[in-house]
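In: Give me the fold of what follows.
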Amino acid sequence: MASKGGYNAFKGLITLFLLCCLLTYCSVIEFKSFVLKNGLTVIHHYDPNTPLCVLNILYKVGSKNELPDKTGFAHLFEHLMFGGSINIPNYDQPIQLAGGENNAFTNQDVTNYYVVLPASNIETAFWLESDRMLGLALNEESLSIQKKVVIEEFKERYLNQPYGDVWKELLALAYVEHPYQWQTIGKEISHIEGAELAEVEQFFNNYYAPENAILVICGNVSYNTANEYALKWFDNIPKRTCNKREVKPEPPQKKPRTKTMHVNVPSSLVVRAYHCAGRNDRNYYATDLLSDILGSGKSSRLHQELVLEQGHFTEISSYITGDFDSGLFVIEGMLSPYTNIETATKAIDNFIQKSVNKGITQDELVFAKRKTETQLNFNNISILNKAQKLAFGEMLGNANIINEEWSKYDSIDVEELNMLAKALFAPEKIIQLNYLSTKA
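Out: This next block holds a predicted model:
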């Protein structure tokens, strides 16, 4: 058994660690940026409190940049980028030998790749990522392999899994002009099956170009070293002109939209959505706070009223999609076995009306702000999170949003939040997908 003195010493170390973390939370995240001759934006943040370093590359291409009859290309490229480049046949092996890890993700707005390595080995990431940007080893064989992988993923996650096509149906219902109307995986499998090598090469040359990318180095590597490696490995990649497809804004919705599906799933699901502000709009922060107050966690209004008090749902929550362009405020609830869709819809309608009439209280707003501040600060401990936030901010036009984000939330007052709710939840703006169980 440990001695009391040893235990107190351990407690002291924990307290000191937490204090250090708190100081890290509250500090300004300093960074420098520069642009290479080929248009590549480079951002550097030095963090001496870690032995690691992250190299993060964000390409300004997501599923919204695809053609309506050729969807799923951005996600397909996430896979193709790991198939080897012109000088490096195996991307993963050098990273593993250098003691690192890597991954990527694609959404409707961006495609993001990252490598985490011991800081002393970070040049390995520069070497690998520059060669991928310079040119992939695209050929019929690699394309065929990755198409099969993506098609299998499409089937497994979106077609053959309960509730797998909910978002496919909801997005198609919510958007009539904007390319958010399809999922990142694509509209349908045939678009991936029909992808030809020439089309894939054109997509790469158009979007995976230096001037369409943001490179972030974050961790225990000096600015001088980051600058040296960026120039050494990326500056000589030829500049390519990007011809981005024009993204049409979604026109205002003038009447409610509803779709009902009867599906072989265990329980019925209702998804109610409303169009909301994109990331660069002040209302984005207010809407995020509103979704937290109304439907985040078991202490939220939605759970307390519609699950515990009325029993119409077994679970229900609200959230925003967080898209760069105009996204969605979503209320998603699993119906109780004893509730039909008419009763559930009326319960949501009454809840919305009550919330608009009653308004958000000052206490609720303060609680939501404190929770948000804690989450933001905690997230900024991770060098990977910091790297990606800097990249996202730069794409939105302001890398310093990482330091300004909390002030944007904190500036929202109760009056502004309640005015937003009245406009957001207008009856003509309802989008509702009734996903009804045939077993009920």
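
In: quick one, phi psi at Leu52?
Out: Backbone torsions for Leu52, taken as degrees, to the nearest 10, come to phi -110, psi 170.

In: Strands of the stretch 201-350 of the chain, start to end?
Out: 213-219, 257-263, 269-276, 313-320, 327-335 (DSSP state E, counting those that start in this stretch).

In: Kindly compare burial across those and name the winner.
Out: Highest mean neighbour count among the strands of the stretch 201-350 of the chain (mean count of other CB atoms under 10 Å): strand 213-219, with a mean of 28. Yep, even glycine has a C-beta here, placed from its N, CA and C like the rest.

In: C-alpha coordinates for it, PDB please?
Out: Below are the C-alpha coordinates for strand 213-219, written out as PDB (Å, rounded to 0.1, in the frame of the first residue of the first chain):
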ATOM      1  CA  ALA A 213      -3.900  23.400 -50.300                       C
ATOM      2  CA  ILE A 214      -3.000  24.600 -46.800                       C
ATOM      3  CA  LEU A 215       0.000  23.000 -45.000                       C
ATOM      4  CA  VAL A 216       0.200  23.300 -41.200                       C
ATOM      5  CA  ILE A 217       3.100  22.200 -39.100                       C
ATOM      6  CA  CYS A 218       2.200  22.100 -35.400                       C
ATOM      7  CA  GLY A 219       4.400  20.800 -32.600                       C
END
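
In: hmm, who's touching it?
Out: Strand 213-219 is touched from outside by 40-47, 50, 52-60, 119, 122, 129, 133, 226, 229-230, 234, 383-384, 386-388, 390-391, 394-395, with contacts defined as CB atoms under 8 Å, 6 or more residues apart in numbering.

In: How about stretch 85-92?
Out: Contacts of stretch 85-92 (CB under 8 Å, 6+ apart): 81-84, 94, 102, 127-128, 131-132, 134-137.

In: I'd like to know which of the residues you listed are buried.
Out: 81-84, 102, 128, 131-132, 134-137 (16 or more other CB atoms under 10 Å).

In: from the contacts of strand 213-219, which ones fall inside helices?
Out: Mapping the contacts of strand 213-219 onto helices (DSSP state H) picks out 129, 133, 226, 229-230, 234, 383-384, 386-388, 390-391, 394-395.

In: Run through the stretch 301-440 of the chain and note the low-pLDDT ranges.
Out: For the stretch 301-440 of the chain, applying pLDDT under 70 flags the ranges 440.

In: Surely Lys369 touches Tyr409?
Out: Yes - Lys369 lies in contact with Tyr409 (CB atoms under 8 Å); the separation is 6.1 Å.

In: Which residues are in contact with each of those two?
Out: Residues touching both Lys369 and Tyr409 (CB under 8 Å, 6+ apart): Leu289.

In: which non-adjacent residue is nearest Ile217?
Out: Ala226 (4.3 Å; CB to CB, 6 or more residues apart in numbering).

In: who touches that neighbour in this structure?
Out: 42, 44, 217.
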